[in-house]
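**Student:** let me see the structure of the following:
(one chain, ligands or ions: 1)
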Amino acid sequence: MDIFSKIAAGEIPSYKCAENEEFYAFLDINPLVKGHTLVIPRREVDYIFDMEDDEIARYQVFAKKVAAAIKTAYPCVKVAEVVLGLEVPHAHIHLIPMQSEADVDFRRAKLQLPQEEMQQIADRIYAEFVK
Ligand code: 5GP
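**Tutor:** As a prediction, this is how the structure comes out:
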C-alpha cells in the first residue's frame, strides 16, 4: 500500500478535512498557506488521467465541495486546484486558498505549523464540509 492509501485507511495519521466512501481530504503536511489541502481517491491510482470518466467526475465534484469548505473556513479570492508533482505515486489534487498567485508558487518555502494549529485548521474545514 502506498503512503496516501495508508493515510486514507487511517493506518497513518493525518489531519482529516473531509471524506466519503471514495475520496479523502487532509492537510498537506508542509502547506504553502494555511488550509492547503490534498484530495485523494481511496483507490490506489497513480496518474489522475488513468481514472475512468465517471470516477474522475465524482472526484472533481468531491474536490469542489472541499474547496467550498476551505473558502468558508479561510476566506480567499479563490481556491486554486493544482495537480503536479512526482513525489507520491498516488493521485492527489492540491487545493490552496489563494489571496494572490504567489500563494501557489511551489518553489516557495513551505510552512511548518505546530500540531495543535494543524488540527484546528483541519477541524475548521471539516466543520464547513457539506457532503
Ligand atoms: P507532489 O507529489 O504533489 O509534489 O508532493 C506531494 C505532497 O504531499 C507534498 O506537498 C507533500 O508535502 C505532501 N506529503 C507528502 N507526504 C505526506 C504525508 O505523509 N502526509 C501529508 N499530510 N502530506 C504529505
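**Student:** rest of the way, CA atoms for contacts and neighbours
**Tutor:** Noted.
**Student:** who does residue 39 bridge with?
**Tutor:** On the basis of DSSP bridges, residue 39 takes part in beta bridges with residue 25, residue 93.
**Student:** quick one: contacts of the longest helix along the chain?
**Tutor:** With DSSP state H setting the assignment, residue counts place helix 53-73 as the longest helix in the chain. Counting by Cα atoms under 8 Å, 6 or more residues apart in numbering, the neighbours of helix 53-73 from elsewhere in the structure are 17-18, 23, 25, 35, 39, 41, 48-49, 78-79, 93, 95, 97, 124-131.
**Student:** can you list the residues of this protein near the ligand?
**Tutor:** 14, 27-30, 84-88 (Cα under 6 Å from any ligand atom).
**Student:** let's see 5 Å
**Tutor:** Applying Cα under 5 Å from any ligand atom, one finds that the chain approaches the ligand through 28-30, 85-88.
**Student:** name the SS class of the residue in the chain positioned nearest to the ligand, please.
**Tutor:** Residue of the chain nearest the ligand, by Cα to the nearest ligand atom: residue 85 (3.3 Å). Going by DSSP: H, G, I helix; E, B strand; the rest coil, the secondary structure assigned to residue 85 is coil.
**Student:** now for it, how many residues are close by?
**Tutor:** The number of residues packed around residue 85, counting by other Cα atoms under 10 Å, is 10.
**Student:** which pLDDT value belongs to the most centrally placed residue in the chain?
**Tutor:** Central residue check for the chain by Cα atoms, centre = their mean: the C-alpha nearest the mean position is that of residue 38, 1.8 Å away. At residue 38, the predicted lDDT confidence score is 98.
**Student:** that one and residue 96, how far apart?
**Tutor:** Residue 38 sits at a distance of 9 Å from residue 96 (criterion: Cα to Cα, to the nearest Å).
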